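In: requesting a structural model of the entry that follows:
(2 chains)
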Amino acid sequence: ETGVTQTPRHLVMGMTNKKSLKCEQHLGHNAMYWYKQSAKKPLELMFVYSLEERVENNSVPSRFSPECPNSSHLFLHLHTLQPEDSALYLCASSRLATQNTGELFFGEGSRLTVL
Amino acid sequence: QQQVKQSPQSLIVQKGGISIINCAYENTAFDYFPWYQQFPGKGPALLIAIRPDVSEKKEGRFTISFNKSAKQFSLHIMDSQPGDSATYFCAAALGGGADGLTFGKGTHLIIQP
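Out: Now for the predicted structure:
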């Protein structure tokens, strides 16, 4: 186990649904990330939180809304998604960039299918 | 614009052979180059990493070779084993920080018994 837990592991939703992905880390890290993994594409960084503040938003559509209530938890709220949003969503954590070795600890991902 | 180009997309190697995966980058400001390994149903995990002040780093059967002038780096897996079958991602970062990681597209490696 990597110390990063994601739920649910699988999610199927319609385009009009609202759902949330949850991530929890037990490593004492203070930076958390959401990545999107699609087939034959590089891992795409979506959001970065450092000390519970969003520090990066890579032009992600507003139908994806992140929330970081504390340094151990990260959510990705989903609403009115499109079929092309179907992908594996990976959560990761690390120590702060000024201290860390650049190592990300990933969860096992949430496989999202949008019908 | 893809800043880290990885090849090949897929690779089949016989057990005991050498697996070689290549990456090229564009941004000369990158100063941290990790490789991540991902098994089916799992998230990526750091395998080995190098900084540009050295040309090679070895950890067990895994070696990174780094060519700063060519802006290329590669992963070599010696004595490849079926358990090495996975998807491998190279990445590059600015300032050694995880928040700046740019990943390649990945290489699906199969080691045949």
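In: strand partners of the helix or strand bottoming out on mean pLDDT in chain B, parallel vs antiparallel please.
Out: Confidence across the helices and strands of chain B bottoms out at strand B:102-103, with a mean of 88, counting by mean pLDDT, DSSP states H and E. According to DSSP bridges, strand B:102-103 has the following sheet partners: strand B:86-92 (antiparallel).
In: contacts for the partner strand, please.
Out: The list of residues contacting strand B:86-92 from outside it, by Cβ atoms under 8 Å, 6 or more residues apart in numbering or on different chains, reads A:42-43, B:3-4, B:6, B:21, B:23, B:25, B:27, B:30, B:32-40, B:44, B:47, B:73, B:75, B:101-109. In this view, the C-beta of every residue, glycine as well, is placed from N, C-alpha and C.
In: buried subset of those residues, written for PyMOL?
Out: The PyMOL command for the buried members of these (criterion: 16 or more other Cβ atoms under 10 Å in any protein chain shown) is given here:
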select buried, (chain A and resi 42+43) or (chain B and resi 4+6+21+23+25+30+32+33+34+35+36+37+38+44+47+73+75+101+102+103+104+105+106+107+109)
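In: right, and the helix or strand after the least confident helix or strand of chain B?
Out: strand B:107-112 (DSSP states H and E).
In: so for that next one, mean pLDDT?
Out: Average pLDDT, strand B:107-112: 97.
In: just name the shakiest helix or strand of chain A by mean pLDDT.
Out: Ranked by mean pLDDT, DSSP H and E, the helix or strand of chain A with the weakest confidence is strand A:53-57, at a mean of 76.
In: can you give the contact residues for that strand?
Out: Here strand A:53-57 has contacts from A:45-49, A:66, A:68, B:99, using Cβ under 8 Å, 6+ apart.
In: so does whichever helix or strand comes after that strand get close to chain B?
Out: Later in the chain than strand A:53-57, the nearest helix or strand by DSSP H and E is strand A:64-70. No - using Cβ under 8 Å from any Cβ of the partner chain, strand A:64-70 stays clear of chain B, coming no nearer than 13.8 Å.
In: and the helix or strand following strand A:64-70, which strands flank it?
Out: Next helix or strand after strand A:64-70 toward the C-terminus (DSSP H and E): strand A:73-79. Strand pairing for strand A:73-79, determined by DSSP bridges: strand A:18-25 (antiparallel), strand A:64-70 (antiparallel).
In: I'm done for today, thanks for sticking with me.
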